[in-house]
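Chemist: generate coordinates for the sequence data below:
(one chain, ligands or ions: 1)
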Amino acid sequence: MSHRHLICGACGQKNRVDMDRPAAEARCGKCHAPLFSSHPIEVDEAGFERHVAATDGPVLVDVWAPWCGPCRVMGPMFERAAAELEPGVRLLKLNADTAPNVSARYGIRGIPALLLVQDGQLIGQSAGVMDTARIVAWVRDRVPTMA
Ligand code: ZN
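Modeler: Residues are numbered from 1 along each chain as shown. The predicted model follows:
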């Protein structure tokens, strides 16, 4: 049996998921929300840190802001990428206005920006708008286990 640790997008509880069972049936042990919703999870800086620290496997983060036009263009494409990349990848949306420490740590100068983090290590970073197909291909290029 293989297990993965994940944070629930609804309540923030850390869960241990049996990956031999269908991901669509995985529910949070605390609040019973589905653990894979095919939607990115909106997080603040604390939520980002919590997910990155606790998640087994890659975490893909869309760093965006409500006032950023290109970010709003990429938003729906990132949503669709979630449906394609789950359950192998955890997708988060982080509002840059609420995340000065994350922006400084990764040297983010422009948004939208994507961060791909696995086991606490940055394994990919990109700036600018990508469509769904490019987002998915970009992640698969960097996560050999998904090829
Ligand atoms: Zn929960």
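Chemist: for the residue nearest the centre of the chain, helix, strand, or coil?
Modeler: For the chain, the residue sitting closest to the mean C-alpha position, by C-alpha atoms, centre = their mean, is Leu91 at 2.1 Å. The local conformation at Leu91, judged by DSSP: H, G, I helix; E, B strand; the rest coil, is strand.
Chemist: pLDDT score for it?
Modeler: The model reports Leu91 with a pLDDT of 98.
Chemist: surely it meets Phe78?
Modeler: Yes - between Leu91 and Phe78 there is a contact under C-beta atoms under 8 Å: 7.1 Å. Every C-beta, even on glycine, is put in place using the N, C-alpha and C of the backbone.
Chemist: what comes up buried for the lengthiest helix in the chain?
Modeler: Longest helix of the chain, by residue count under DSSP state H: helix 69-85. For helix 69-85, a neighbour-count test (16 or more other C-beta atoms under 10 Å) marks 71, 74-75, 77-79, 81-82, 84-85 as buried.
Chemist: now stretch 131-147
Modeler: 132, 135-136, 138-140, 142-143.
Chemist: check stretch 106-115 too.
Modeler: For stretch 106-115, using 16+ other C-beta under 10 Å, the buried residues are 106, 108, 111-115.
Chemist: likewise stretch 35-46?
Modeler: 35-36, 38, 40-41, 43, 45.
Chemist: where do the contact lists of Leu91 and Phe78 overlap?
Modeler: Listed as contacting both Leu91 and Phe78 by C-beta atoms under 8 Å, 6 or more residues apart in numbering are 40, 62.
Chemist: how about low-confidence regions in the chain?
Modeler: Along the chain, segments meeting pLDDT under 70 span 1, 147.
Chemist: just give the nearest non-adjacent residue to Ala81, would you?
Modeler: Leaving aside its chain neighbours, Ala81 sits nearest to Ile135 (4.2 Å; criterion: C-beta to C-beta, 6 or more residues apart in numbering).
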